[in-house]
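>>> Fold the following for me, if possible:
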Amino acid sequence: MKILLLGKNGQVGWELQRSLAPLGELVALDADSTDFCGDFTDPAGLAQTIHVVQPNVIVNAAAYTAVDQAEGQPDIAHAINTYAPGVLAEVSHKLGILLVHYSTDYVFDGSGNTPWRESDCTGPLSVYGRTKLEGEQRIAATACRHLIFRTSWVYGARGSNFAKTILRLAGERETLDVIDDQIGAPTGAEFLADVTAHAIRMSYNRTDISGTFHCAAAGETSWYEYAQFVVARARASGHPLKLKTVNAISSAAYRSAAHRPLNSRLNTHHFSETFDLQVHPWQNGVARLIDELLG
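Residues are numbered from 1 along each chain as shown. Below you'll find the model as predicted:
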């Protein structure tokens, strides 16, 4: 098996380099790669890369994820999140390649309290969410064989994320205000990489496995409760913190360029049943991350 990984240096892409390597030959690229084009603002270059590399599987971990910045740069977000994945899908369909792609809970409008199913109506609130949804739709429209994994609140030991930000601020400030009315499940990049490798192994020769799947950690929390968990874990490890108080605030009290969904819960039953995997509580992965960062 030959795998082309795009977006190798992101949080998920970094872990995918490890998890995909045992499956066969791995060609891993990022936007600044020189051997082949991995730049998502150069769709012709991406198409040429696929034709030259001739992979059996493409794993796309590249995305424009600056949610607030996307409001002022919709063209760039569209190019990276919508148009380029469509090009990958078109070439994959022509060459018979399996395409693995990652999407987001932001394709939903955040209403209600029920975990979203794959079949639920979408309604993104932001440029980021719209461009990610349109990317999904372009992939599906080509009829290429694909696995789209929608996930939420991704974190990893590499790159920036909420847990790292809370640790840093807790060492600098005595008080933090954190949103308490957005609910989701922090999901580890390591977990996503491992289940992706398993899904590819399982579905590679099975044409009946294709489509969109919700893939996130089990359980639910708010950003406020998530922050409290991170701080408590750090304190339990003996890490010195300046922080004394974490205050819960509403989304309305926090100004941001992009609207974010209040309900980011994802129902993962279809994913677990299809790939015969058990999804573990979000606390397990976050605790491991904090221990790794502070160890």
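
>>> wait, what's in contact with residue 291?
233, 237 (Cβ atoms under 8 Å, 6 or more residues apart in numbering). (C-beta placed from N, C-alpha, C; glycine too.)

>>> Could you check the pLDDT of it?
At residue 291, the pLDDT value in this model is 93.

>>> Helix or strand for it, just tell me which one.
helix 282-294 (DSSP states H and E).

>>> Just the CA trace of that helix, in CSV.
C-alpha atoms of helix 282-294 as CSV (Å, rounded to 0.1, in the frame of the first residue of the first chain):
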residue,chain,number,x,y,z
TRP,A,282,-12.2,12.6,26.8
GLN,A,283,-10.6,12.9,30.2
ASN,A,284,-8.3,9.9,29.5
GLY,A,285,-6.6,11.6,26.6
VAL,A,286,-6.4,15.1,28.1
ALA,A,287,-4.9,13.7,31.3
ARG,A,288,-2.2,11.9,29.3
LEU,A,289,-1.5,15.1,27.3
ILE,A,290,-1.0,17.2,30.5
ASP,A,291,1.2,14.5,32.0
GLU,A,292,3.3,14.5,28.9
LEU,A,293,3.6,18.3,28.7
LEU,A,294,4.6,18.6,32.3
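
>>> buried sites along that helix?
Judged by neighbour count using 16 or more other Cβ atoms under 10 Å, the buried positions of helix 282-294 are 282-283, 285-287, 289-290, 293.

>>> Okay, now the unreliable bits of the stretch 1-150 of the chain?
Of all residues in the stretch 1-150 of the chain, none has pLDDT under 70.

>>> can you map out the strands along it?
For the stretch 1-150 of the chain, applying DSSP state E, counting those that start in this stretch gives strands covering 2-6, 25-29, 57-60, 98-104, 146-151.

>>> Export the ones you listed as a markdown table, with columns for distance to residue 87 and mean neighbour count.
Formatted as a markdown table, the strands of the stretch 1-150 of the chain follow (distance: least, Cβ to Cβ, whole Å; neighbours: other Cβ atoms under 10 Å):
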| stretch | distance to residue 87 | mean neighbour count |
| --- | --- | --- |
| strand 2-6 | 11 | 24 |
| strand 25-29 | 15 | 20 |
| strand 57-60 | 11 | 26 |
| strand 98-104 | 11 | 24 |
| strand 146-151 | 14 | 24 |
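
>>> Out of those strands, flag the one nearest residue 163.
Checking the strands of the stretch 1-150 of the chain against residue 163 by Cβ to Cβ gives strand 146-151 as the closest, at 15.7 Å.

>>> other SSEs contacting whatever helix or strand comes next after the closest one?
On the C-terminal side of strand 146-151, the nearest following helix or strand under DSSP H and E is strand 154-155. Helices and strands touching strand 154-155, by 3 or more Cβ pairs under 8 Å, 6 or more residues apart in numbering; DSSP states H and E, are helix 11-20, helix 162-172, strand 187-188, helix 189-203, helix 282-294.

>>> Which residues does strand 154-155 contact?
So strand 154-155 is contacted by 11-12, 161-164, 186-189, 192, 285-286, 289 (Cβ under 8 Å, 6+ apart).

>>> Try it again at 7 Å.
Counting contacts by Cβ atoms under 7 Å, 6 or more residues apart in numbering, the residues outside strand 154-155 that touch it are 11-12, 161-163, 186-189, 289.

>>> Which of those sits closest to residue 152?
Using Cβ to Cβ, residue 187 comes nearest to residue 152 of the contacts of strand 154-155, at 5.7 Å.

>>> surely residue 145 meets residue 101?
No: Residue 145 lies out of contact with residue 101 (Cβ atoms under 7 Å); the separation is 11.6 Å.
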